[in-house]
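Visitor: sequence first, predicted model second:
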There are 2 protein chains.
Amino acid sequence: MPAAPPVLPPAGSPCQPDCPVALAARILDGRWTTRILRDLLGGTRRYSELLHSLSGISPKMLSQRLRFLEQEGLIEKTTYPTVPPRTDYRLTPLGRQVRPVVEAMAAFGRQLTPSG
Amino acid sequence: MPAAPPVLPPAGSPCQPDCPVALAARILDGRWTTRILRDLLGGTRRYSELLHSLSGISPKMLSQRLRFLEQEGLIEKTTYPTVPPRTDYRLTPLGRQVRPVVEAMAAFGRQLTPSG
DNA sequence: TCCAATACTTACCAAAAAGTAACCTCTTCC
DNA sequence: GGAAGAGGTTACTTTTTGGTAAGTATTGGA
């Protein structure tokens, strides 16, 4: 059975603050959010792995965004009481629902690159 | 023939600043951008229509975002020298490529609504 | 004793994004 | 001589976002 067709609100209807696009934008907004999600779509990641792979992000921003995404129910973490401690982050079922968004962004972003 | 399968960068590869997702995020970032694009996906709109339909946006923000999107080649405008003057905004071919992104965001946003 | 490693937090600061309110231009209608 | 209406701009302020640097906790190892 095919996936449900993508539905955009009808042509005339304005995008109210509670419109699905606005709700998604509130969560996905920010320089780093979609990049963090993109990396987590590749599987579980540790804090230090993300800090390294998202070149340029500061520890503060990373933990801030991670905390926000956790609050919003998109990711969850596990801390292992080893020495030194270790923390794993992974997407929740809700978080995995952003895959189509990130994929569509990647496809759009490829149109943007001057030379592939 | 089916659409090309959505491709996300391979699991291990970090999201560099020039990764497609980051490039798309730079343009789609901000509280209003995707909402403006959402409305324009419904067809040509006038400045005053957008000002009204994007409830809460200020004239300054709207013209700022519109100018930015024009610079980035996603929209174009036409001004008619009527009295009073009239301006139409519409998506360019590049701008229409954001449709899948906005659709995916809408689908994700619908998961977020507590009730419908 | 001090350093290393991991995963943070805190205080402080700079820059960017967004909001508010007022103003501007032009012309036609009252 | 206004006001109205479209499409903005300007100056000013606030809020949000992001960055830097340093500090915290734990404990095994040199």
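Guide: Arrived safely, thanks for sending.
Visitor: residues of chain A that sit close to DNA strand C?
Guide: Remark: the part of chain A in contact with DNA strand C comprises A:46-48, A:59-60, A:63-64, A:66-67, A:77, A:79, A:83-87, using CB under 7 Å from any atom of the strand. In short, each C-beta sits where N, CA and C put it, glycine included.
Visitor: most neighbours among those residues, which one?
Guide: Of all those, the most densely surrounded is A:L66 (20 neighbours; neighbours counted as other CB atoms under 10 Å in any protein chain shown).
Visitor: among the residues of chain A next to DNA strand C, which ones are in strands?
Guide: In strands, judged by DSSP state E, the following of the residues of chain A next to DNA strand C are found: A:46, A:77, A:79, A:86-87.
Visitor: which one of those is nearest to B:L40?
Guide: Set against B:L40, the nearest of those by CB to CB is A:K77 (38.5 Å).
Visitor: which one is that closest one nearest to, not counting chain neighbours?
Guide: The shortest distance from A:K77 to any residue other than its chain neighbours is 4.9 Å, reached at A:Y89 (CB to CB, 6 or more residues apart in numbering or on different chains).
Visitor: next one: A:P59
Guide: Take A:P59 and drop its neighbours on the chain: the residue closest to it by CB to CB, 6+ apart is A:L51, 6.3 Å away.
Visitor: so the one you found, which state does it fall into?
Guide: Reducing the assignment to helix, strand or coil with DSSP: H, G, I helix; E, B strand; the rest coil, the entry for A:L51 is helix.
Visitor: repeat for A:R90
Guide: Taking three-state DSSP as the rule, one finds A:R90 in the strand state.
Visitor: neighbours of the nearest residue to A:W32 once chain neighbours are set aside, how many?
Guide: In this structure, A:W32 finds its nearest non-sequential neighbour in A:R65, 5.3 Å apart by CB to CB, 6+ apart. The number of residues packed around A:R65, counting by other CB under 10 Å, is 21.
Visitor: residue contacts, A:R65?
Guide: Counting by CB atoms under 8 Å, 6 or more residues apart in numbering or on different chains, A:R65 touches A:30, A:32-33, A:36.
Visitor: what residues does chain A put near DNA strand D?
Guide: Close to DNA strand D, as judged by CB under 7 Å from any atom of the strand, chain A has residues A:29-32, A:56-61, A:65, A:83-84.
Visitor: could I get those residues as a markdown table with pLDDT?
Guide: Listed next are those as a markdown table, based on pLDDT from 0 to 100:
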| residue | pLDDT |
| --- | --- |
| A:D29 | 94 |
| A:G30 | 91 |
| A:R31 | 90 |
| A:W32 | 95 |
| A:G56 | 88 |
| A:I57 | 94 |
| A:S58 | 95 |
| A:P59 | 96 |
| A:K60 | 95 |
| A:M61 | 96 |
| A:R65 | 97 |
| A:V83 | 88 |
| A:P84 | 90 |
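Visitor: just the closest of the ones in strands among the residues of chain A next to DNA strand C to chain B, please.
Guide: Ranking those by separation from chain B, with CB to the nearest CB as the measure, puts A:R46 on top at 13.1 Å.
Visitor: for the closest one, what are its contacts?
Guide: Residues counted as contacts of A:R46 (CB under 8 Å, 6+ apart) are A:86-89.
Visitor: tell me what it is bridged to.
Guide: Following DSSP bridges, A:R46 is listed with bridge partners A:D88.
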